[in-house]
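[1] Below: sequence and its predicted model.
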Amino acid sequence: SAVISQKPSRDICQRGTSLTIQCQVDSQVTMMFWYRQQPGQSLTLIATANQGSEATYESGFVIDKFPISRPNLTFSTLTVSNMSPEDSSIYLCSVWVGTVAKNIQYFGAGTRLSVL
Amino acid sequence: AQKITQTQPGMFVQEKEAVTLDCTYDTSDQSYGLFWYKQPSSGEMIFLIYQGSYDEQNATEGRYSLNFQKARKSANLVISASQLGDSAMYFCAMRDALPFEGGSEKLVFGKGTKLTVNP
């Protein structure tokens, strides 16, 4: 498995501000993934972060709103910019760990964000 | 496009009994992976069990087993001897082909099933 440290674990923010979420993995990984889970909903992939290149965003998510950094193979940040109450969600980072025969995606503990 | 369907928004089970959570999937890939995750109220996503499309035997992990019926495209999770701590949301997810097979490494999730274990 992998140890994935994500912080902050929760935050309450004011409308119009930005929050940066950090994700640290205990081993080097090629890709890191960022998900959003809105209240009562399933997980939706925001973007895939590769070290040394621009993140790849899914449909409906843009870099200006969710800038991502990936400075090395064990760390990534996701910023939620110019927040509105609709951004209140759980944000999770994840990585693949394993072999070709059995590759598992493990998640950080999540960041529970409330925007007032 | 891949799709995961979980038709049970909520399930109830008595402590110590077994429960089956349903999951059906749709894909045109021959190679894919199926996962189950547990999400307690704390919000973390806990990996439970994995089944590869080429695995001939159903996966088992302790009290969890995956009833994999490839022809029916179903991957139901069976929890035996339910415990109060099993109360949580359960998500079924699918990965398409591996990158060297032309896949994307993305996971697609179902809507989840809320399991409540009653004492």
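    Done, it's in. Numbers count the residues shown, from 1 in each chain, chains lettered A, B, ... in the order given.

[2] and the residue nearest in space to the middle of chain A, what is it in contact with?
    In chain A, the centroid-proximal residue (C-alpha atoms, centre = their mean) is A:Trp34; its distance is 3.1 Å. By C-beta atoms under 8 Å, 6 or more residues apart in numbering or on different chains, A:Trp34 lies in contact with A:23, A:45-49, A:66, A:68, A:76, A:78, A:91-93. For the C-beta atoms, the positions are set from N, CA and C on the backbone; glycine is no exception.

[3] now do A:Asp64
    A:Asp64 touches A:Ser81, counting by C-beta under 8 Å, 6+ apart.

[4] For chain B, which residues are neighbours of chain A?
    B:33, B:35, B:37, B:42-47, B:50, B:52, B:91, B:93, B:95, B:98, B:100, B:105-107, B:109-112 (C-beta under 8 Å from any C-beta of the partner chain).

[5] so what pLDDT did residue 64 get?
    Unless you meant another one, I'm taking chain A. Here, the pLDDT recorded for A:Asp64 equals 96.

[6] You answered for a different chain; I wanted chain B.
    Reported pLDDT for B:Tyr64: 98.

[7] That one contacts B:Val78, doesn't it?
    Yes - using C-beta atoms under 8 Å, B:Tyr64 is in contact with B:Val78, at 7.2 Å.

[8] if we can go back for a sec, confirm the residue nearest to the centre of chain A sits in a strand?
    Yes - counting by DSSP: H, G, I helix; E, B strand; the rest coil, A:Trp34 is found in a strand.

[9] the strands in chain A, which residues?
    A:4-7, A:10-13, A:19-25, A:31-37, A:44-50, A:56-57, A:68-72, A:75-80, A:89-98, A:103-107, A:111-115 (DSSP state E).
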